[in-house]
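Engineer: Quick one, what's the 3D model for this:
(chains A and B)
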Amino acid sequence: MSEASALLRDLAQALDPTHFIVGVGEIACAREPEVLVTQALGSCVGVALWDPRLRIGGLAHVMLPAASCSAATGKRHRFADIAIPDLVERMVDMGAGPRRIVAKLAGGASMFRGESGIDTIGDRNVAAVRDQLERAGVPIVVEETGGSHARTIELSTATGILLVRSYTYGIHEI
Amino acid sequence: MRFNTLSEMQIDALRETGSIGAGHAATALSQLVGHAISIDVPTLEVLDVGEVPELFGGPETLVAGVHVRLLGDVGGSMLFLAERASALALVDLMHARPVGTARAFSADEEALVTHVASILMSAYLAAIGRLADVSLLPARPSSTLDMAGAIVQAVTSDAALRADVALLLKTRFYDADTSVDAYLFFLPDPAGLGVLLGRLGVA
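Structural biologist: Numbering: from 1, shown residues only, chains lettered A, B, ... in the order given. Below is the predicted model:
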């Protein structure tokens, strides 16, 4: 991330301290009343975890299925097989009960119309996320994945509601 | 071979190739629309793919994107991006009418922008191919209008299997009355880039 964009993000958070923006390939946890936001999910998958009793939330912006997919340098939490176990662990460290945590998913779209050969990345990301959640024993209560449109999501740690925004379908809650 | 280790000389060679490709694309587009259109490549730079959405003011900015996968001796991707307003201005430029005439980015506008981007990319790939004596073929283009961050992610998630930086050719389309800025990203895989620079005599 460039200095200017980091500054803009800090500014946005200073203006609205209850919203925390989770960047591409990052994870974050928070308690009520914070809202965790991640923007412009395309083929990436947003994984929102929540403990309803303690109202602790976690959000991951997953870009690729597994660390074995890329030798390139970059954020380690862009991979589903690293982001999800780490996110669950961090929430448990904050006091969340591993058996209480539930998951909501959004993203995993195929962004381009027409044939380009990259249509399967979103599907592969969703499959990898489901697999990692199953291993962690976290049930998926609802998901809005696939399609061909970008999504921005906001997880309310107070209610567990996941707000999904897109240019195509506007705003709705899942 | 990685982009962020490219020398000034290598960048100059790639920029020169970009200018030649832009010249050929301008000739092709002028023939297509029946009036003179020029294209410049004022700058070429190497950047981290994560920085790309910042060029448009943030990940949620609405942009038109056209993607092609590269086939042949050099694998990878090319991506054409223009802000929504610029994409509409490009449509007006092609029709030789005042900017602001096209208001909605519907199927006709999307098809025209895809066609223009496809000609630009083909011309650029042909210029590189001729200079470096490599075969570089674009697959069928695909397009969308959506959030900049999501488009870039979708392309680089594919390219991330091989590369994490992009070569950006800022591209200006213009005639006597109108000038439109767009962005062309070249993401060859590292092995392909090595072949390319070796053939250009600047490895």
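Engineer: From here on, just use CA atoms for contacts and neighbour counts.
Structural biologist: Fine.
Engineer: where do the helices sit along chain A?
Structural biologist: A:3-15, A:80-93, A:120-136 (DSSP state H).
Engineer: Dump those helices to CSV, plus mean pLDDT.
Structural biologist: Shown next, in CSV, are these (pLDDT from 0 to 100):
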stretch, mean pLDDT
helix A:3-15, 64
helix A:80-93, 96
helix A:120-136, 93
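Engineer: okay, which residue is most central for chain A?
Structural biologist: A:Gly46 (2.5 Å; CA atoms, centre = their mean).
Engineer: residues contacting whichever residue of chain A sits closest to chain B?
Structural biologist: Of all residues in chain A, A:Gly42 sits closest to chain B, at 4.0 Å by CA to the nearest CA. Neighbour list for A:Gly42: A:107-111, A:122, A:149-151, B:149-151, B:153-154 [criterion: CA atoms under 8 Å, 6 or more residues apart in numbering or on different chains].
Engineer: 6 Å instead?
Structural biologist: A:Ala109, A:Ala150, B:Ala150, B:Ala154 (CA atoms under 6 Å, 6 or more residues apart in numbering or on different chains).
Engineer: Could I get the contacting residues of the first one?
Structural biologist: Translated: A:Ala109. A:Gly42, A:Ser43, A:Gly122, A:Gly146, A:Gly147, A:Ser148.
Engineer: Quick one, which of those residues are buried?
Structural biologist: A:Gly42, A:Ser43, A:Gly122, A:Gly146, A:Ser148 (16 or more other CA atoms under 10 Å in any protein chain shown).
Engineer: Tabulate these in a markdown table, adding columns for distance to B:Ile11.
Structural biologist: Compiled in a markdown table, those are given as follows (distance: CA to CA, whole Å):
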| residue | distance to B:Ile11 |
| --- | --- |
| A:Gly42 | 31 |
| A:Ser43 | 31 |
| A:Gly122 | 33 |
| A:Gly146 | 39 |
| A:Ser148 | 35 |
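Engineer: is chain A contacted by whichever strand or helix holds B:Phe185?
Structural biologist: For B:Phe185, the host element (DSSP states H and E) is strand B:179-188. No. Counting by CA under 6 Å from any CA of the partner chain, chain A is not contacted by strand B:179-188; separation bottoms out at 13.7 Å.
Engineer: so where's chain B uncertain?
Structural biologist: Confidence mapping of chain B against pLDDT under 70 gives the ranges B:1-6, B:49-50, B:159-165, B:201-203.
Engineer: Swap in 80 and give it another go.
Structural biologist: B:1-11, B:13-14, B:42-43, B:47-55, B:57, B:156-166, B:189-203 (pLDDT under 80).
Engineer: Residue in it with the shortest distance to chain A?
Structural biologist: For chain B, CA to the nearest CA, closest residue to chain A: B:Ala150, 4.0 Å.
Engineer: Quick check: that residue is in a helix.
Structural biologist: Yes. Checked against DSSP: H, G, I helix; E, B strand; the rest coil, B:Ala150 lies within a helix.
Engineer: Ramachandran coordinates for the spatially closest residue to it that is not a sequence neighbour?
Structural biologist: Using CA to CA, 6 or more residues apart in numbering or on different chains and skipping residues adjacent in sequence, the residue nearest B:Ala150 is A:Gly42, 4.0 Å away. Here is the backbone geometry of A:Gly42 (degrees, to the nearest 10): phi -110, psi -100.
Engineer: which residues of chain B fall in strands?
Structural biologist: For chain B, applying DSSP state E gives strands covering B:38-48, B:62-72, B:76-83, B:136-138, B:142-147, B:165-174, B:179-188.
Engineer: Tell me the strands beside the second one, with direction?
Structural biologist: For strand B:62-72, sheet partners with direction are given as strand B:76-83 (antiparallel), strand B:136-138 (antiparallel), strand B:142-147 (antiparallel), following DSSP bridges.
Engineer: do the same with the first one
Structural biologist: Each strand that pairs with strand B:38-48, with its direction, by DSSP bridges: strand B:165-174 (antiparallel).
Engineer: Can you give the distance from the partner strand to the centre of its chain?
Structural biologist: 6 Å (CA atoms, centre = their mean, to the nearest Å).
Engineer: could you dump that strand to CSV, C-alpha only?
Structural biologist: Extracted C-alpha coordinates of strand B:165-174, given in CSV (Å, rounded to 0.1, in the frame of the first residue of the first chain):
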residue,chain,number,x,y,z
VAL,B,165,4.1,-6.5,-10.2
ALA,B,166,2.8,-4.9,-13.4
LEU,B,167,4.1,-2.8,-16.3
LEU,B,168,1.8,0.3,-16.7
LEU,B,169,1.6,2.1,-20.0
LYS,B,170,-0.4,5.3,-19.5
THR,B,171,-2.2,5.8,-22.8
ARG,B,172,-3.7,9.0,-24.2
PHE,B,173,-6.2,8.8,-27.1
TYR,B,174,-6.9,12.2,-28.8
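Engineer: Much appreciated, bye for now.
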